[in-house]
Structure formats: structure tokens, C-alpha cells
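Colleague: Quick one, fold the following:
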Amino acid sequence: MGTVPTSDARVTRLARALPLLLAALLALGAVGTVGTAGCDDPARYVTTPDGISLEGGCLSPGKIDPLTGDPSDGDPAARRG
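Modeller: Reported below is the predicted structural model:
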């Protein structure tokens, strides 16, 4: 005759399946985040008389190049006032 699974056996099966379920939920969340993180105007590099410049995109070149912009933007102590 077969044995009837006890509540301990159910808990054990649940404990084994829980990490897999959690990983699946995290993967779905990651796919959803990446799917909605697009940019309507992708950036492109254009050759100009001064050299190569980045045009378009969701970020301004000042946010990409750490050498441009105000140096105090990256200093937390400067924001304290």
C-alpha cells in the first residue's frame, strides 16, 4: 500500500520549491524592468569638424563624460549647504 504524505513531507517539498519560485519571480521582474527601460531616441556618434560627438539619446553628454560639468555635482559635501 502507498503511504499518505504527512504534513512534514509537504513542508519539505514546499521548502525545496520555494527558492525556484523566488528565482522565477525575480527573473520576471528583471525582464519587465529591462523591457520598459528603453529610450525613444537612441544615441549615435556623429563625425563633426571638431571630432566625434554623441548626439541624441536619453542622457546628455555632461552626464556621461565625467570631465564636463560642475565638479561639485559629484561631491556630496557640496550639497549639504
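
Colleague: Quick one: neighbours of the residue nearest to residue 40 when sequence neighbours are not counted, just the number.
Modeller: Leaving aside its sequence neighbours, residue 40 sits nearest to residue 58 (CB to CB, 6 or more residues apart in numbering; 7.8 Å). All C-beta atoms are positioned from the backbone trio N, CA, C, and that covers glycine. Residue 58: 12 surrounding residues under other CB atoms under 10 Å.

Colleague: same deal with residue 7?
Modeller: 7.

Colleague: all helices of the protein, in order?
Modeller: According to DSSP state H, the chain carries its helices in the segments 7-36, 61-64, 76-79.

Colleague: for these, which one sits closest to residue 42?
Modeller: Set against residue 42 and scored by CB to CB, the helices of the chain come closest in helix 61-64, at 13.8 Å.

Colleague: buried set for stretch 8-22?
Modeller: Of the residues in stretch 8-22, none count as buried by neighbour count, 16 or more other CB atoms under 10 Å.

Colleague: For the helices of the chain, which has the smallest mean pLDDT value?
Modeller: Across these, helix 61-64 has the smallest mean pLDDT, namely a mean of 60.

Colleague: circling back: and the pLDDT at the residue nearest to residue 40?
Modeller: The model's pLDDT for residue 58 equals 75.

Colleague: Wait, it touches residue 37, no?
Modeller: No: here residue 58 does not reach residue 37: they are 9.7 Å apart, not a contact under CB atoms under 8 Å.
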